[in-house]
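> model the following, please.
(2 chains)
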Amino acid sequence: MGTQLETSFVQQLQENQNLIHKICRLYTNNDDAHKDLFQEITIQLWKAYPKFRGDSKFTTWAYRVALNTAITLYRKKSKTVNTVEFDNKLHKINQEEYNYEEEEHIKLLYQAVQQLNDIEKALVFMYLEDKDYNEIAETLGITEVNARVKMNRIKGKLKKILNP
Amino acid sequence: MDELEKLKTDWKKNRDNFPRFSEKEIYAMLHRRSSSIVKWILIVSILEFTLWLGLSFLLKDAKSVKMIDSYGIDFITIPLTVISYAIIVYFVAKFYINYKKITTTDNVKTLMDNILKTRRTVMIYIYVNLAYIFISSFIIFLIIINYDSNFISLHKKSEANGNEAMFYIIYIISTIFFLAVFVGAIWLFYKLIYGLLLKRLHKNYEELKKIDL
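The predicted model follows:
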């Protein structure tokens, strides 16, 4: 299909695409924008790929490029379209496993995160991905202490959004 | 359990039914065009450089420039031309160096810094150009006063009529008016283009800076 480099890149991205989808989910609110951002991240990852040496995991390397694309490089094409509908669609899950109430709560949580600003979303994303504060701070270019302080404020902000 | 912990539990289950892309689809994506702001900044900046350069080439043939050439004042016009080329070479080189520094594997703040630095290079280039236009039009103004036969005869006429001051006022006001319209148009262009392009970046940059205050 292409060069060896292309093939190995496509394979790794295909296997790990969930990571990119998760970022797209936080930063976009409809199918088209989601796909559009996914594509831009793919292009940026591919551009950076020749410098990826493989001494870290593909996902560890990729999430930084993906976050940078979502926060800084990506130009939003369309304005907000019904978030709720999109979230419902993404959450078509196995109903037997979860009770309705808990499911609703999780949905509200996702919607609350959607209301955060771009930088706050990045912090939440890394937190959810179990990155330690040292790495969160380094990825954003802020100090570790301030990353912790900010994270606590975000928790407070989410609480406020959920219980106005 | 706090809200984010609940979310984390759900997050880790990986149960979202995202539209999984096939290898073929991803392969196709690699060959699509990027529409990142960095690319737009590059396009707009190249347009700016060529516009200014093109303008100076176009003006070479303009009547007024030929007229100035006919005064035989190479000792002024040649240094002015050399300076204008030196300016463009310096800024294109600086732009290129800054542009090369933009890498998506940097941390978020450094990436933003580098993009803004690249942008600033072109902004400074425009300011320098505007200053250059102001200074050179002032020099040309002085040249016209001293060398241009039409101007000298007009001046003499107004002197004879006793409204010399009026003559200067009209001349100066019309020059300032022309420059103001010119600068205003450029300013508006910038507000529009970069307002649209960099609004989000500026907002996020400020947000990041606020965290580290």
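> middle-most residue in chain A, spatially?
Nearest residue to the geometric centre of chain A (CA atoms, centre = their mean): A:I23, 1.8 Å.
> for that residue, which residues are in contact?
Contacts here follow CB atoms under 8 Å, 6 or more residues apart in numbering or on different chains; on that basis A:I23 touches A:37, A:41, A:63, A:66-67, A:70, A:125. (Each C-beta comes from the backbone N, C-alpha and C, glycine too.)
> could you pick out which of those residues are near chain B?
A:L67 (CB under 8 Å from any CB of the partner chain).
> just checking, which of the contacts of A:I23 belong to helices?
Judged by DSSP state H, the contacts of A:I23 include A:37, A:41, A:63, A:66-67, A:125 as members of helices.
> re the thing from before, ok, so of the contacts of A:I23, who is nearest chain B?
Nearest to chain B out of the contacts of A:I23 is A:L67 (CB to the nearest CB; 6.9 Å).
> quick one: the strands in chain A, in order.
According to DSSP state E, chain A carries no segments that qualify as strands.
> find the closest residue to chain B in it.
Closest contact between chain A and chain B, by CB to the nearest CB, is at A:G141 (2.8 Å).
> could you pull up the contacting residues of that residue?
Residues in contact with A:G141 (CB under 8 Å, 6+ apart) are B:107-110, B:208.
> B:N161 now?
Contact analysis of B:N161 by CB under 8 Å, 6+ apart lists nothing.
> what's the weakest-modelled helix or strand in chain A?
helix A:83-90 (a mean of 48; mean pLDDT, DSSP states H and E).
> what do you get for chain B?
That would be, for chain B by mean pLDDT, DSSP H and E, helix B:63-69 at a mean of 70.
> so what does that helix touch, helix or strand wise?
Packing contacts for helix B:63-69, counted by 3 or more CB pairs under 8 Å, 6 or more residues apart in numbering or on different chains; DSSP states H and E, involve no helix or strand.
> quick one: contacts of that helix?
Contacts of helix B:63-69 with the rest of the structure, by CB under 8 Å, 6+ apart, involve B:59, B:77, B:140, B:143, B:148.
> list only buried entries from the residues you listed.
Buried subset of the contacts of helix B:63-69 (neighbour count, 16 or more other CB atoms under 10 Å in any protein chain shown): B:77, B:140, B:143, B:148.
> in JSON lines: the residues you listed, plus pLDDT and distance to B:V92.
Formatted as JSON lines, these follow (pLDDT from 0 to 100; distance: CB to CB, whole Å):
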{"residue": "B:T77", "pLDDT": "79", "distance to B:V92": "23"}
{"residue": "B:I140", "pLDDT": "77", "distance to B:V92": "26"}
{"residue": "B:I143", "pLDDT": "78", "distance to B:V92": "29"}
{"residue": "B:D148", "pLDDT": "74", "distance to B:V92": "35"}
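> now, the residues you listed that are in helices?
Counting by DSSP H, those place B:77, B:140, B:143 in helices.
> next, format the ones in helices among the contacts of A:I23 as CSV and append pLDDT.
Compiled in CSV, the ones in helices among the contacts of A:I23 are given as follows (pLDDT from 0 to 100):
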residue, pLDDT
A:L37, 94
A:I41, 96
A:Y63, 92
A:A66, 96
A:L67, 96
A:F125, 95
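> now the helices for the chain?
You didn't say which chain, so I picked chain A. Listed in chain order, the helices of chain A (DSSP H) span A:4-15, A:17-27, A:31-48, A:58-68, A:83-90, A:100-114, A:118-128, A:133-140, A:144-162.
> actually it's chain B I care about, not the one you picked
Under DSSP H, chain B gives helices at B:3-12, B:23-30, B:37-60, B:63-69, B:74-100, B:108-147, B:149-161, B:164-211.
> out of the ones you listed, name the one with the poorest average pLDDT.
Of all these, helix B:63-69 carries the lowest average pLDDT, namely a mean of 70.
> show me what contacts A:Y27?
By CB under 8 Å, 6+ apart, A:Y27 lies in contact with A:37, A:70-71, A:74, A:118, A:121.
> switch the cut-off to 6 Å
Residues in contact with A:Y27 (CB atoms under 6 Å, 6 or more residues apart in numbering or on different chains) are A:A70.
> follow-up on the earlier one: can you tell me which of the contacts of A:G141 lies nearest to chain A?
Among those, B:K109 lies closest to chain A (CB to the nearest CB), at 2.8 Å.
> any idea which of the contacts of A:I23 has the most stuff around it?
Looking at the contacts of A:I23 with neighbours defined as other CB atoms under 10 Å in any protein chain shown, the largest count falls to A:I41 at 30 neighbours.
> could you pull up phi and psi at A:N29?
Main-chain dihedrals, A:N29, degrees, to the nearest 10: phi -140, psi 20.
> ok, so what distance separates it from B:S36?
A:N29 sits at a distance of 20 Å from B:S36 (criterion: CB to CB, to the nearest Å).
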